[in-house]
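Chemist: Starting from these lines, generate the structure:
(chains A and B)
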Amino acid sequence: MRIFLLFLVLIPFSGIFAQEGTIHINVKDPVTLEGLNDITIIVDSKEFVTDEGGQTSITLPYGTYSVIINQDLYAPYSEQVIIDKADVDLNITLDRQSGSDGGGIAEIQLSDNEMNQSDNGQGVNSLLHSSQDPFSSAAAFSWSAARFRTRGYDSWYSSTYMNGFSLDNLETGYGSYSDYGGLNRIVRYKDGYESIKPAPYSFGNIGGVTNIMSTASQIQKQNQISYAATNRMYNNRLMYTYATGMQSNGWAFAFSISRRWAQEGYVPGTDYDAYGYFASAEKKLNDNHMIGISVFGAPQYRSKMGASTQEAYDLAGTNYYNPYWGYQNGEVRNSRIRKAHKPYAIINDTWKLNETTKIHTSIGFMKGRYGNTRLNWYSAPDPRPDYYRYLPSYQTDPYVAGLVTDYWENNVEARQIDWDKIYEINYLSKLAGGSANYIIEEDRIDETKYGLNTYITKDGGEHLQLSGGLDFLSHNSLRYKVIDDLLGADYWLDIDQFAERDFPGDADILQNDIQNPDNQVKEGDVFGYNYKFHTNRAKMWGVGRFYYPKVDFFTSAYVSGSQLWRDGLYQNGRYPDNSLGNSAKKSFLNLGFKAGITYKYTGKHYFEVNASYYTAPPMISNVFLAPRISNRYVPGIESSTVFSGELSYIHKGERWNGRLTAYQTNFYDESDLIGFYHDEYQTFVYMTMTGIDRTHQGIEAGVEVKATKTVSVIAAGNLGNYRYTSRPTAYISFDNLSQPDTSETIYQKYFYVPGTPQTTGMVGLKYFHPKFWFVSVNFNYFGDAYVSFNPERRTQLAIENLGPGDELIDIITQQEKIDGGYTLDASIGKSWRVKGKTIAINIMVNNILDNKTLITGGYEQNRFDFATKNVDKFPSKYYYAFGRNYFAMLTINL
Amino acid sequence: MKKYMKKLTFLAVISALFLGSCVQEDFDVPDIVIPYVDFSSNMSIADLKATYVGVLDSIGEDTIIEGIVIANDESGNFYKTIVIQDNTAGIEVKIDRYDMYTEFKVGQRVFIKCRGLYLGDYGGLTQLGYIYAGDIGRIPDIMVDDHIFRDSLPEAAPTPTLLTIPTLSPTYLSMLVRIDSVHFIEVGQPFAESTATTNRTVEDASGNQLLIRTSNYASFAADNVPAGMGSIVGVLSIYNGDYQFYLRDLNDIVAWDYGAATEQNIIFETFDTDPSWTIFSAASNEDWYWDASYACYAVSGYGGDVASDDYLVSPAINLTGVTNPILSFRTWTKYTDGGFAQPVEVMISTNYTGTGDPTIATWTNLTATWSPSNSQSWTSSGDIDLSAYIGNTVYIAFRYQSSGTGTGTTSNWEVDEFKVKAVM
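Modeler: Numbering: from 1, shown residues only, chains lettered A, B, ... in the order given. Presented below is the predicted three-dimensional model:
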């Protein structure tokens, strides 16, 4: 708080000395090193055009300005420039388009991966602010296939804004890339700050912060259509973008629409149909005031792939076996469909109070739906084809096991969902007047979000830039289940079948909604659970950035207040007294500080130290013991604490650029809820782990060497050591109430943090021909990744009755490491100018060697056979990286 | 304007492109396949069962039987089992699969190709299944579709054969049977205890009894056995010579008059746990006690300080609104007390307060058959008519006396299976 007062005091004092300086800009092509004419440069929202020699000069008051270039054939360029003397030289060597961002290909790769895995988003930000930094571009483009997360950070440790409005979901902590998927042409302009570097529009986060700049005036004037063919998650992508740039009448418009679709993606049974739309208008009211609105969304429909056990993969003969689909009437039908659409409207206003002071205000609103379907069944055989009892390993009689093996290997109806059988069983039940035995249900999260982010930036003369603001967000989500398809039956009985089994004769406890008992639900009806999550957060922050010839430094702070609660819409039979209505409201007060210093030894050698300390409120999805059915909080839930530091050497030279960073981040008191079907108690169980501490330390390095004018060599690597450092307490709550709530200590101290390869390496070659074609080749290595582990196997209960030294103890508790692997990628591209129009072709082939044994992730099943302690009864499930795959794109700038 | 028109046209073309080539989202409901079997049976179930000679036997011939499903695993009272019958007999089919009822509804016609399956028995009940550890086991899931074939949609189940308890015979094993005019003995107790499969009893007007066996996993296990009288439908079974009757669910209790007067137990105490009856010692420090190892009340005056005079008093027994109340119990004795021809007496009171000293109440002796002196044999008291006490709340007391404290002057007595039944 004191820091804020300081800022408020500082702002009026940082006087208005309207001295002016001239910036001399020289723009060159990276290969020919010739000056580029007719390049549009945006400085301070004004456009300037280079002359024949690639030069232009602009006179402006002293201060810090962003210089932006968006030009066909070249990668977007954005740099902060300080005018602090009469003449400032800025030599810009643009990157050829296809070299740095693969023509937008990497963004496609990312959205694939994000959708591919369960629900855990991944390093969105590493992509969004991938820049000229060789390490960052390797992280985004070369390692995303193996689900590399920069520094091992979870998605919620980075932040994303669009036009100043936060796209982060307060309930998950991050904005999913798929919310704006397919808008590659729109989201390519961004103002990103890696790790804990200071941003002028937010306190930021340890995993970086990005503002996607997509007001209509910031989007390059264009009329572009592109088509891509690929064999990844989808087969076709069509994208059209039209933007006027700022017109002489003071209006700017931008428009983009895209569709991505496939009857079947790389993995069998995965159809895909996703759209993206974007429209933006901006009006320059006068020289000091701009106001605009952007509306966008990405309706998507896609079928998922499921992880399975190695036994199932081997029997099916492919590591891309997908248990989620089956034939219905001879057509492929997937049981797990994601249907999502979260349209946003963002109004933004930029008001220049005077030459040095600007106020940026964004007001945003989002209302959308997110849903995932799945099969559910009542008192009927498990319809999942890879259910462990259907596999040969479950059979004790070798003859029978042989029969099962033969059946599995040779019959698609054994390996896949037997829809026709499901319909037949429902029909038989209907004949007898019974309820559905099988249904498709959809777990829905209908979100509403609105908020305001306003901040002021102030140039305090040549050495100081200040900004600070207020960021308010209100988020709620209605969470419920709805019948998607009765699969031929007449109705579904809305009771908890596990409570029905464990409490025979009790007519109330099995009700999901006591006020509507024994409800016979039809398609479209809400059932099961029904509640609303509310989260509000107000955040005040400020940053001061100081610039001196030898050192730059910054300091930043924030304070936030947040509030969360649950509003139950069903009175649940297991918790009749604390499931309906509002829970108690929990409030959290949080604050954070960060600071850093860059020492400019020479113009080539830089040393940088940054550190950040902050606390963050728990996410609402982790604070309730059994969020679907009751208002009870996890005992002792508290804010988490993050302490992070990094030390870098940066080289910016004619011949080579590079960075070497050592980093360490300590996380304290994180919490995490997992829900799963408990095999021993035969009911759904919620397990909330609290007091999770971990340390992520490592070294990352990247270097790009210009071997010749046309050939560059790139190398990058990360050596990480990400470990848990505490024994969390797990609170366990049983959905059917058959057992009282209980807690256990999870013995996971010094376990590796799963979910990302901790060691990665990459070497690549790029060749650029002066005639605008290029080719690049990368070799990537991934290693030291671990399978997500089942906490229950790391409890005293799991190894109960085993004597000291029993070898089973190690087998039960030890972590499973994923084999390392490598891929070879290449891309080639060519651009032409034909009659003033540009045409570009880019082709990217990943995993050229067709390595189909590269596990990208996996998880131990959350079930453990406590009786026999046989870890092989429920083996791990794995995801595999795609084999050889391509992406070929044709772009025409009309 | 013209320029904008051109752009608009272009936009329209683009939009059309996007909306083309739809991806399938809606699926047809598959046509209902009515199962059809294109072969016929060649043996009756009775003939198949007749081939079983009492030892596990694999079926080597191309035997095909046909029958209608009369019971399945829907309620949980049959576990991994379906029961089929034809006109000649019924048979249990053991199958290693859950929730089979979803396919094998009651009334479903099935054909079973028996080659490769096994016939065996459990407690005398012939079963069709597979081999497991040298004994009859369940047909593995994977083999089911090669042996059992459904034909047509399920229809009404066969009419149960109407029998009486005395006319039950092995012919009807694993067939659907109906028995009229019976009532439950254990009214008010659940069909099954929560931890184990449980036997209950029905009785007809003549006192013939039949065991009703219910799994603790049955959906109706926790429901109480009903009062009243009516008919039961179910599957007849046998275990080591005793008939057992399996209800499929509570719909098998039919034409039931819940208000009908039937003979029921007002109290039936087997002393498996200590019921804490009133124990009163008029003399000596050797008293009635609950014997945990024999699960009964016991007493002996041997080694006491003085000769015994001890009372054991039942809880209150309400004989209001009943007819034909009958008391029964059984006794056991060892050693002979020379001082008493019958050291234990049984007596009844209508004015005992329920606690404290029974000697201040009025007691009337009842006549019972006792275990013969030093016989060490459990002996039934015989039916003791309590009709004289209808309309009263009564207490029953056992009074034990000894003539001394040593050999020849004391005897050991035990009381068990204390029951008062009446028509109510």
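
Chemist: Now A:I212. Nearest residue, chain neighbours left out?
Modeler: Distances taken as CB to CB, 6 or more residues apart in numbering or on different chains place A:M162 nearest to A:I212, at 4.4 Å, with adjacent residues excluded. To be clear about C-beta, it is placed using only N, CA and C from the backbone, and glycine gets the same treatment.

Chemist: sorry, that was for B:Q376
Modeler: Nearest to B:Q376 is B:K334, by CB to CB, 6+ apart, at 5.1 Å.

Chemist: got it, and A:I337?
Modeler: A:I337's closest residue in space is A:T373 (CB to CB, 6+ apart), at 4.6 Å.

Chemist: do A:D168 as well
Modeler: A:D168 sits nearest to A:G175 (CB to CB, 6+ apart), 4.9 Å away.

Chemist: for the one you found, what are its contacts?
Modeler: A:V124, A:T160, A:S166, A:L167, A:D168, A:N169 (CB atoms under 8 Å, 6 or more residues apart in numbering or on different chains).

Chemist: So it, which state does it fall into?
Modeler: What DSSP: H, G, I helix; E, B strand; the rest coil gives for A:G175 is coil.

Chemist: What pLDDT is listed against it?
Modeler: As predicted, A:G175 sits at a pLDDT of 81.

Chemist: do A:D806 as well
Modeler: In this prediction A:D806 is given a pLDDT of 88.

Chemist: what's the neighbour count on it?
Modeler: A:D806 is flanked by 13 other residues according to other CB atoms under 10 Å in any protein chain shown.

Chemist: Check A:S248 too.
Modeler: Neighbours of A:S248 (other CB under 10 Å): 5.

Chemist: how many other residues sit next to the closest residue to chain A within the stretch 201-350 of chain B?
Modeler: Taking CB to the nearest CB as the measure, the stretch 201-350 of chain B has B:A222 as its residue closest to chain A, at 3.9 Å. Other residues within reach of B:A222, judged by other CB under 10 Å, total 16.

Chemist: where does it land in three-state SS?
Modeler: At B:A222 the chain is in coil, as set by three-state DSSP.

Chemist: how much space between A:D95 and chain B?
Modeler: Distance of A:D95 to chain B, computed by CB to the nearest CB, to the nearest Å: 30 Å.

Chemist: From A:Y767, how far out is that residue?
Modeler: 14 Å (CB to CB, to the nearest Å).

Chemist: And A:T230, by the same measure?
Modeler: 24 Å.

Chemist: Have a look at the two and say which one is more surrounded.
Modeler: Just comparing A:T230 and A:Y767: by other CB under 10 Å the higher neighbour count belongs to A:T230, 23 against 17.

Chemist: how about that one, what does it touch?
Modeler: A:I108, A:N236, A:R237, A:N885, A:Y886, A:F887, A:A888.

Chemist: Just those: which are in strands?
Modeler: Counted as lying in strands by DSSP state E, out of those, are A:N236, A:R237, A:N885, A:Y886, A:F887, A:A888.

Chemist: Of these, which is the nearest to A:D89?
Modeler: Using CB to CB, A:F887 comes nearest to A:D89 of the ones in strands among the contacts of A:T230, at 39.4 Å.

Chemist: Strands of the stretch 151-300 of chain A, start to end?
Modeler: A:159-162, A:165-166, A:190-193, A:209-212, A:222-230, A:236-243, A:251-262, A:272-286, A:289-297, A:300-303 (DSSP state E, counting those that start in this stretch).

Chemist: could you dump those strands to JSON lines with mean pLDDT?
Modeler: JSON lines is the format used below for the strands of the stretch 151-300 of chain A (pLDDT from 0 to 100):
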{"stretch": "strand A:159-162", "mean pLDDT": "92"}
{"stretch": "strand A:165-166", "mean pLDDT": "94"}
{"stretch": "strand A:190-193", "mean pLDDT": "85"}
{"stretch": "strand A:209-212", "mean pLDDT": "90"}
{"stretch": "strand A:222-230", "mean pLDDT": "91"}
{"stretch": "strand A:236-243", "mean pLDDT": "93"}
{"stretch": "strand A:251-262", "mean pLDDT": "94"}
{"stretch": "strand A:272-286", "mean pLDDT": "94"}
{"stretch": "strand A:289-297", "mean pLDDT": "95"}
{"stretch": "strand A:300-303", "mean pLDDT": "92"}
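
Chemist: CA atoms only for stretch B:284-304, dumped as PDB, please.
Modeler: Taking Å, rounded to 0.1, in the frame of the first residue of the first chain, the C-alpha atoms of stretch B:284-304 are listed here in PDB:
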ATOM      1  CA  SER B 284     -27.000 -67.200  47.300                       C
ATOM      2  CA  ASN B 285     -24.200 -65.400  45.400                       C
ATOM      3  CA  GLU B 286     -24.600 -67.800  42.400                       C
ATOM      4  CA  ASP B 287     -27.100 -66.200  40.100                       C
ATOM      5  CA  TRP B 288     -28.500 -66.500  36.600                       C
ATOM      6  CA  TYR B 289     -26.100 -65.300  34.000                       C
ATOM      7  CA  TRP B 290     -25.800 -64.900  30.300                       C
ATOM      8  CA  ASP B 291     -23.400 -67.600  28.900                       C
ATOM      9  CA  ALA B 292     -21.500 -66.100  26.000                       C
ATOM     10  CA  SER B 293     -20.000 -69.400  24.800                       C
ATOM     11  CA  TYR B 294     -23.300 -71.300  24.700                       C
ATOM     12  CA  ALA B 295     -25.500 -68.300  23.900                       C
ATOM     13  CA  CYS B 296     -28.100 -69.000  26.600                       C
ATOM     14  CA  TYR B 297     -29.000 -68.100  30.100                       C
ATOM     15  CA  ALA B 298     -27.500 -70.400  32.700                       C
ATOM     16  CA  VAL B 299     -27.500 -71.000  36.400                       C
ATOM     17  CA  SER B 300     -25.900 -73.300  39.000                       C
ATOM     18  CA  GLY B 301     -25.900 -73.100  42.800                       C
ATOM     19  CA  TYR B 302     -22.700 -75.100  43.100                       C
ATOM     20  CA  GLY B 303     -20.100 -73.400  45.300                       C
ATOM     21  CA  GLY B 304     -22.400 -70.700  46.400                       C
END
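
Chemist: Name the residues of it that come out as buried.
Modeler: Using 16 or more other CB atoms under 10 Å in any protein chain shown as the test for burial, stretch B:284-304 gives B:284, B:286-288, B:290, B:296-302, B:304.

Chemist: what secondary structure does A:E500 sit in?
Modeler: helix.

Chemist: Not counting sequence-adjacent ones, nearest residue to it?
Modeler: Nearest non-adjacent residue to A:E500 (CB to CB, 6+ apart): A:L510, at 4.4 Å.

Chemist: Mind listing what's buried along stretch B:118-125?
Modeler: B:Y118, B:L119, B:G120, B:D121, B:Y122, B:L125.

Chemist: Could you confirm whether it reaches chain A?
Modeler: No: no part of stretch B:118-125 sits near chain A under the criterion CB under 8 Å from any CB of the partner chain; the closest distance found is 13.4 Å.

Chemist: Flag the shaky bits of chain A, pLDDT-wise.
Modeler: Applying pLDDT under 70 to chain A picks out residues A:1-18, A:45, A:97-132.

Chemist: ranges for the helices of it?
Modeler: Assigned by DSSP state H, the helices in chain A fall at A:2-13, A:97-101, A:105-116, A:124-128, A:134-137, A:310-316, A:398-410, A:412-415, A:419-431, A:497-502, A:807-813.
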